[in-house]
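**Q** Sequence first, then the predicted structure:
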Amino acid sequence: MKYKIIMDSSSNIFDLEQVSFSSVPLKIITDQKEFTDDPNLDLNEMLTYLSAYKGRSGTACPNIHEWLEAFGDAEYVFAVTITGTLSGCHNAAVQAKDSYEKAHPGRRVCCLDSLSTGPEMVLIAEKLRELILSDPELSFEQIETEIRAYMKQTHLIFTLESLNNMAQNGRVSPLVAKACGLLGIRIVGQASSEGTLQPLHKSRGIAKALKMMLEEMKKNGYRGGKLRIVHCQNEAAAREFLKLVKTEFPDCDASIGNTTALCSFYAEKGGLMAGYESSL
Ligand code: X90
């Protein structure tokens, strides 16, 4: 296989069928413990530990070396990362690319900053797979052009119960975080075009929040395209959301999955994220 797709673990997936794929883990760090976002992690154990832990907790992105290791000896790599506006992940991938291409003339790496995370990255990876498998004659450059065009049509919408960990780690302003710290108040937000957390609404209760998410998606051009939902210990809300979308778009290609460590840490318990395609 000429092509390899690599994503950091904020994508919440550890494999992708039919193509060469690998995930590069981020880490969740406290003064006493470190959790690696890979398939060996016991997520419930981590969340239980963190909810009892009173000290500081943070995250760390993979370094250049870890990216290089994931490139392996692939001829052509597509590396999809969490937003470079909020994480050093993309930067590390770009530095790894430079050193890889220098060390191995002829090999190529394309680093794609999702300006987003989670299920929007999954849409990008699935499209890459489709392009790679569809036509063996398609060149690396052609795939890059196609995927960059596609990324203009993908979006991320979410609802969160708490922005504590985002605020504590400087990923959102304390002012924004305060709005959703109150009991029973959720925010609905989206990944902005700059790759930051953009709050859109506050909602008391989940039902209204889910309606707002769908409204925002439609405003943004959603007409029944692909939908990838993930949740942090909130399967009921994920199912409810899918049901809501299906009442208007019964034929949409949709799936529900779990957040792994990185997204669980930031989206926190109850958080719901959805990546979707717009038709605009
Ligand atoms: O340590 C690191 O380099 C990782 C930092 C990641 C910070 C952002 C994580 C966001 C996770 C939360 C809800 C969606 C926010 C979307 C913003 C684009 C998911």
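**A** Sure thing, it's come through.
**Q** roughly how far apart are the residue of the stretch 101-250 of the chain found nearest the ligand and N44?
**A** Nearest residue of the stretch 101-250 of the chain to the ligand, counting by Cβ to the nearest ligand atom: A191, 3.6 Å away. All C-beta atoms are positioned from the backbone trio N, CA, C, and that covers glycine. Relative to N44, A191 is positioned 27 Å away (Cβ to Cβ, to the nearest Å).
**Q** higher neighbour count, the two?
**A** Set A191 next to N44 and count neighbours by other Cβ atoms under 10 Å: A191 wins out with 25 against 10.
**Q** who's in contact with the more buried one?
**A** Neighbour list for A191: T83, L115, S116, T117, E120, H155, L156, L197, Q198 [criterion: Cβ atoms under 8 Å, 6 or more residues apart in numbering].
**Q** before we move on, could you check phi and psi at the last one?
**A** Just to be clear, that refers to Q198. In terms of degrees, to the nearest 10, the main-chain angles of Q198 are phi -110, psi 110.
**Q** Next: the fourth one.
**A** When read as degrees, to the nearest 10, the backbone of T117 gives phi -170, psi -170.
**Q** same deal with the one 3 residues further on?
**A** Comment: the main-chain dihedrals of E120 come out as phi -70, psi -30, following degrees, to the nearest 10.
**Q** burial measure for it, as a count.
**A** 27.
**Q** now do G106
**A** 7.
**Q** how about the residues of this structure near the ligand?
**A** Residues of the chain found near the ligand (Cβ under 6 Å from any ligand atom) are 26, 59-61, 82-83, 86-89, 116-118, 158, 171, 191, 195-197, 263, 266-267, 273.
**Q** ok, the spatially most central residue of the chain - contacts?
**A** By Cα atoms, centre = their mean, the chain has its centre lying nearest to G118, at 1.6 Å. G118 makes contacts with S10, S11, N12, L156, V230, T259, C263, A267, M273, G275, as judged by Cβ under 8 Å, 6+ apart.
**Q** returning to that earlier point: name the residues linked to the residue of the stretch 101-250 of the chain closest to the ligand by a beta bridge.
**A** Taking DSSP bridges as the rule, A191 bridges to L197.
**Q** Can you read off the pLDDT for G205?
**A** Predicted confidence (pLDDT) for G205: 90.
**Q** how many other residues sit next to it?
**A** 10.
**Q** pretty sure it contacts G184?
**A** Yes. Counting by Cβ atoms under 8 Å, G184 is a contact partner of G205 at 6.8 Å.
**Q** quick one on the thing from earlier: buried only: go through the residues of the chain next to the ligand for me.
**A** Buried members of the residues of the chain next to the ligand, counted by 16 or more other Cβ atoms under 10 Å: 26, 59-61, 82-83, 86-87, 89, 116-118, 158, 171, 191, 195-197, 263, 266-267, 273.
**Q** Please identify the buried residues of stretch 251-258?
**A** Neighbour counts over stretch 251-258 (16+ other Cβ under 10 Å) mark C252, A254, I256 as buried.
**Q** could you dump those residues to TSV with distance to L16?
**A** Below are the buried residues of stretch 251-258 laid out as TSV (distance: Cβ to Cβ, whole Å):
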residue	distance to L16
C252	21
A254	17
I256	17
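**Q** still on that earlier bit, in strands, which of the residues of the chain next to the ligand fall?
**A** In strands, judged by DSSP state E, the following of those are found: T59, A60, F158, A191, L197, M273.
**Q** can you name the two of those residues that are farthest apart?
**A** The span of those, defined through Cβ to Cβ, is set by A60 and F158 at 22.5 Å.
**Q** Report all helices and strands that the helix or strand of the chain with the lowest mean pLDDT contacts.
**A** Scoring the helices and strands of the chain by mean pLDDT, DSSP states H and E places helix 174-179 at the bottom, with a mean of 80. Using 3 or more Cβ pairs under 8 Å, 6 or more residues apart in numbering; DSSP states H and E as the contact test, the elements touching helix 174-179 are helix 164-168, strand 185-191, strand 197-204.
**Q** tell me the most buried of those?
**A** Of all the helices and strands packed on helix 174-179, strand 185-191 carries the top mean neighbour count, a mean of 23, counting by mean count of other Cβ atoms under 10 Å.
**Q** Just want the angle from that one to strand 197-204.
**A** Orientation of strand 185-191 against strand 197-204 (axes from the mean of the first three to the mean of the last three Cα atoms, to 10 degrees) gives an angle of 150 degrees.
**Q** what residue ranges in the stretch 1-150 of the chain score low on pLDDT?
**A** 1 (pLDDT under 70).
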